[in-house]
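Sharing a model prediction with you, sequence too.
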Amino acid sequence: MNIENQIQNLISEEHAVIDPDSFLDRLHSTRQIRNRNRQRLSYGISMSIIVLLVGVIAFTQLSNTASSVQFEEYLISANITDDMAEEYYDELAVYLVESSDDIWSTMEFFYDTNYQTNNMENQL
Amino acid sequence: MKNDNELIQQFQQGSTAAFDELVRKYLDEVYNFFIKITNDPMDAEDLAQDVFLKLYKSLRKFRFEANFKTYLYRVNVNSANNYLGRSKWRKWLHLDDRPEQIDDGPGAESDGANKELWDAVAKLPKAQRIVVTMRVAQNMPHKDIASIIGKSESSVKTNYHYGISQLKKQLGNVK
């Protein structure tokens, strides 16, 4: 069949019929399903954004307060120098040795806390 | 009977019944346009549904600058263009390959020839494809095609002429 005839046949093809009522039913139900899906998607996206924002805010708040207050920073902010801190530990160690009934358990405690015992010996 | 613009105005004021009336008025035309291209009632219905869903969304903002029928044809042609583009890829990926037809009815031969024709149309450059599609599937005069796609009548005629020559070459090579 040559192309002109084929096109002529196609143009003069008999009219196809579709039921408008059932088409409209399907059209509106598809439209509603798509609307619902779109709403769900936008709800999901907005909830994710809220959760993300809350997470970011909570993280920044935590890093600005509790988690960032380190012992070292406390010492600096209280104007406590290394010498002062060392003196305090030594005095505390002497007090613990003097007030303990069992000196070996106190020594074991120092060992566990990595306390420099030679300092303590000097003090004693 | 209300004209298109009155129906659109009512639809813009919230009347879904007005939109339904518009669908009833143009459904046959849109469906037949797509059935000639797809040769498949289900695909044609899906495409028609897509067209009317797009209209449902866009007609709320319709500003009556263009004739509704022209606007509808543009939406039709865009959908047909997308469909033909997709079918070109489907063919390339062999997604349309089906097992051998068991029932070769009287229309089987012409169905096959039509499919071959539309596969060839899908391979045409866009401008030629649009003109050939509108001319063949809608039986539209060159003048109307020119006003819809915003080109001169002579440009439409040239595109149609080159399109048909290309089709002759392509289909001639196949046979």
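Perfect, I can see it now.

Report the buried residues of stretch A:93-100.
Residues of stretch A:93-100 classed as buried: A:93, A:96 (neighbour count, 16 or more other C-beta atoms under 10 Å in any protein chain shown). Bear in mind the C-beta positions are built from the backbone N, C-alpha and C, glycine included.

let me fix that: stretch B:20-37
B:20-23, B:25-27, B:30-37.

so of those residues, which ones are in helices?
Using DSSP state H, B:20-23, B:25-27, B:30-37 are the members of the buried residues of stretch B:20-37 that sit in helices.

doesn't residue A:27 make contact with residue B:53?
Yes: Residue B:53 lies in contact with residue A:27 (C-beta atoms under 8 Å); the separation is 7.0 Å.

in chain B, which spans are helices?
Going by DSSP H, chain B shows helices at B:4-12, B:16-38, B:41-58, B:68-92, B:108-122, B:126-138, B:142-149, B:153-174.

Among those helices, which comes closest to residue A:59?
Proximity to residue A:59 (C-beta to C-beta) singles out helix B:41-58 among the helices of chain B, at 40.4 Å.

can you tell me which of the ones in helices among the buried residues of stretch B:20-37 are up against chain A?
Filtering those for proximity to chain A by C-beta under 8 Å from any C-beta of the partner chain leaves B:20, B:23, B:27, B:31-32, B:35-36.

Just name the shakiest helix or strand of chain B by mean pLDDT.
helix B:108-122 (a mean of 75; mean pLDDT, DSSP states H and E).

Tell me where the model's unsure across chain A.
Within chain A, the stretches with pLDDT under 70 are A:1, A:14, A:63-75, A:116-124.

middle-most residue in it, spatially?
By C-alpha atoms, centre = their mean, chain A has its centre lying nearest to residue A:55, at 5.8 Å.

Return the distance of that one relative to chain B.
Counting by C-beta to the nearest C-beta, to the nearest Å, the separation of residue A:55 from chain B is 35 Å.

So which residues on chain A come close to chain B?
Contacts of chain A with chain B, taken as C-beta under 8 Å from any C-beta, map to A:1, A:3-4, A:6-7, A:9-11, A:13, A:15-18, A:20, A:23-24, A:26-28, A:30-31, A:34.

ChimeraX command for the buried members of those residues?
Here is the ChimeraX command that picks out the buried ones among those, judged by 16+ other C-beta under 10 Å:
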select /A:3,6,7,10,18,20,23,24,27,28,31
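
Show me the residues of chain A next to chain B that map onto strands.
Judged by DSSP state E, strands contain none of the residues of chain A next to chain B.

Tell me which of the residues of chain A next to chain B fall in helices.
A:3-4, A:6-7, A:9-11, A:20, A:23-24, A:26-28, A:30-31, A:34.

could I have stretch B:39-55 exported to PDB, CA atoms only?
The C-alpha coordinates for stretch B:39-55 follow below in PDB (Å, rounded to 0.1, in the frame of the first residue of the first chain):
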ATOM      1  CA  ASN B  39      -4.300   2.100  17.500                       C
ATOM      2  CA  ASP B  40      -5.100   1.000  21.000                       C
ATOM      3  CA  PRO B  41      -8.400   2.000  22.800                       C
ATOM      4  CA  MET B  42      -6.700   1.800  26.300                       C
ATOM      5  CA  ASP B  43      -3.700   3.900  25.300                       C
ATOM      6  CA  ALA B  44      -6.000   6.400  23.600                       C
ATOM      7  CA  GLU B  45      -8.200   6.700  26.700                       C
ATOM      8  CA  ASP B  46      -5.200   7.200  28.900                       C
ATOM      9  CA  LEU B  47      -3.900  10.000  26.700                       C
ATOM     10  CA  ALA B  48      -7.400  11.500  26.500                       C
ATOM     11  CA  GLN B  49      -7.600  11.400  30.300                       C
ATOM     12  CA  ASP B  50      -4.200  13.100  30.600                       C
ATOM     13  CA  VAL B  51      -5.300  15.800  28.300                       C
ATOM     14  CA  PHE B  52      -8.500  16.500  30.300                       C
ATOM     15  CA  LEU B  53      -6.600  16.300  33.600                       C
ATOM     16  CA  LYS B  54      -4.200  18.900  32.300                       C
ATOM     17  CA  LEU B  55      -7.100  21.000  31.200                       C
END
